[in-house]
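Student: got a predicted model here, sequence first, then my questions.
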Amino acid sequence: MLATPLGNLRDITLRALDILGSADLILAEDTRVSAKLLAHYGIKASLRALHEHNERKSADAVVGLLQQGHSIALISDAGTPAVSDPGARLVAAVRAAALPVVPIPGPCALIAAVSAAGLNAEHFYFAGFLPVQSKARRAQLETLRTLDAALIVYEAPHRVRHTIGDLVQAFPEPRDLVIARELTKAFETVERVPLADAIVWLDAHPDTERGELVLIVDTPATTQKTPRDTASDDATLARWLPALLEELPPARAARVAALATGLPRSEIYDKIKERKP
Ligand code: SAM
């Protein structure tokens, strides 16, 4: 499992080049894309396609070759295999055959985006690609809206407007959206805008709807951990929670109380669960 560049061909480790140069076989998502990378480094290798449509079927043959002692590298078009890319099923099959799987770490778009985002959040949740269908996407966002973590999604450029619209709907409280676009490439940008203004921002930056991008919805700045007066927090919650719970289901009550007090939503939710019925 070998990570390859997201765009800038120099983003590849020395170890990755050694392994690509010595592997008996390289399995690639799209052999035309990977052939360019290999040519850039003067690596002559035997390339075979392994993509989402043949991954399951190819697993037995790959396991057979490994059992015969062949060394095989798996790469995707860009970044880390098995991260929103083919690879996980093959890895499962190889591991099930008690053969070793070695990760060769390197570029990954979500990690690059997080590193440049300046997040408030201490934690993040990577949702990969949200469902394409609007109803399913909104349903998934509904399950994610109470997370006390930044939400990271991959998206295709032609769907970004639609998806940002859904994110605006799903997160009505003030949050920032980070748009990390064309990472490691000539027109790389990492922008941070209030989520509520994101569609207006998009109108002013039409290039955003071209090229590859990662979207991150940060947690509100108020959920940052700062020294707190715990006694006064408890008193505030004791005053407000019963009334909120009269009107709202627990998850929503926790969300409103988090907005009002600046306390982490998960902490309030835990307190709600601890309450006697
Ligand atoms: N396995 C890859 C990784 O490690 O990040 C992800 C592959 S996934 C099929 C492709 C998605 O990754 C794109 O739609 C985009 O969301 C993100 N992505 C890939 N390259 C990117 C780049 N250079 N800049 C921003 N996002 C990128």
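Tutor: Everything's here; your move. Treat the numbers as computed from the prediction; the structure is a model and nothing was measured.

Student: quick check on the residue of the stretch 51-200 of the chain found nearest the ligand: phi, psi?
Tutor: The ligand sits closest to Gly79 of the stretch 51-200 of the chain, with a gap of 2.4 Å, by C-beta to the nearest ligand atom. For glycine as for every other residue, the C-beta is placed from the backbone atoms N, C-alpha and C. Backbone dihedrals for Gly79, given as degrees, to the nearest 10, come out at phi 80, psi -150.

Student: so who does it touch?
Tutor: For Gly79, the contacting residues are Ala3, Thr4, Leu6, Asp85, Gly106, Pro107, Cys108, Ala109, by C-beta atoms under 8 Å, 6 or more residues apart in numbering.

Student: swap in Ala49?
Tutor: Counted by C-beta under 8 Å, 6+ apart, Ala49 has contacts Leu27, Ala28, Glu29, Asp30, Thr31.

Student: any idea how far it lies from Leu130?
Tutor: If you measure Ala49 against Leu130 using C-beta to C-beta, to the nearest Å, the figure is 27 Å.

Student: over to Ile164?
Tutor: 11 Å.

Student: kindly report the same for Leu213.
Tutor: From Leu213 across to Leu130, the span is 13 Å (C-beta to C-beta).

Student: who touches both of those two?
Tutor: With C-beta under 8 Å, 6+ apart as the test, Leu213 and Leu130 both reach Glu155.

Student: circling back to that earlier point, tell me what the residue of the stretch 51-200 of the chain closest to the ligand is bridged to.
Tutor: Thr4 (DSSP bridges).

Student: quick one, strands of the stretch 51-200 of the chain?
Tutor: 72-75, 124-129, 150-155, 176-181, 189-194 (DSSP state E, counting those that start in this stretch).

Student: counting contacts, what elements does the fourth one pack onto?
Tutor: Here strand 176-181 touches helix 109-117, strand 189-194, strand 213-217, going by 3 or more C-beta pairs under 8 Å, 6 or more residues apart in numbering; DSSP states H and E.

Student: tell me the most buried of the ones you listed?
Tutor: strand 213-217 (a mean of 24; mean count of other C-beta atoms under 10 Å).

Student: does it reach the ligand?
Tutor: Yes. With C-beta under 6 Å from any ligand atom as the criterion, the ligand is reached by strand 213-217 at Leu213, Val214.

Student: could you check the angle that strand makes with strand 176-181?
Tutor: Here the directions of strand 213-217 and strand 176-181 differ by 170 degrees (axes from the mean of the first three to the mean of the last three C-alpha atoms, to 10 degrees).

Student: and the contacts of the next helix or strand after strand 213-217?
Tutor: The element immediately downstream of strand 213-217 (helix or strand, assigned by DSSP states H and E) is helix 230-247. Helix 230-247 is contacted from outside by Ala253, Val256, Ala257, Ala260, Thr261, Leu263, Ile268, Lys271, Ile272, Arg275, using C-beta under 8 Å, 6+ apart.

Student: and the residues you listed, which are buried?
Tutor: Neighbour-count burial (16 or more other C-beta atoms under 10 Å) applied to the contacts of helix 230-247 gives Ala253, Val256, Ala257, Thr261, Leu263, Ile268, Lys271, Ile272.
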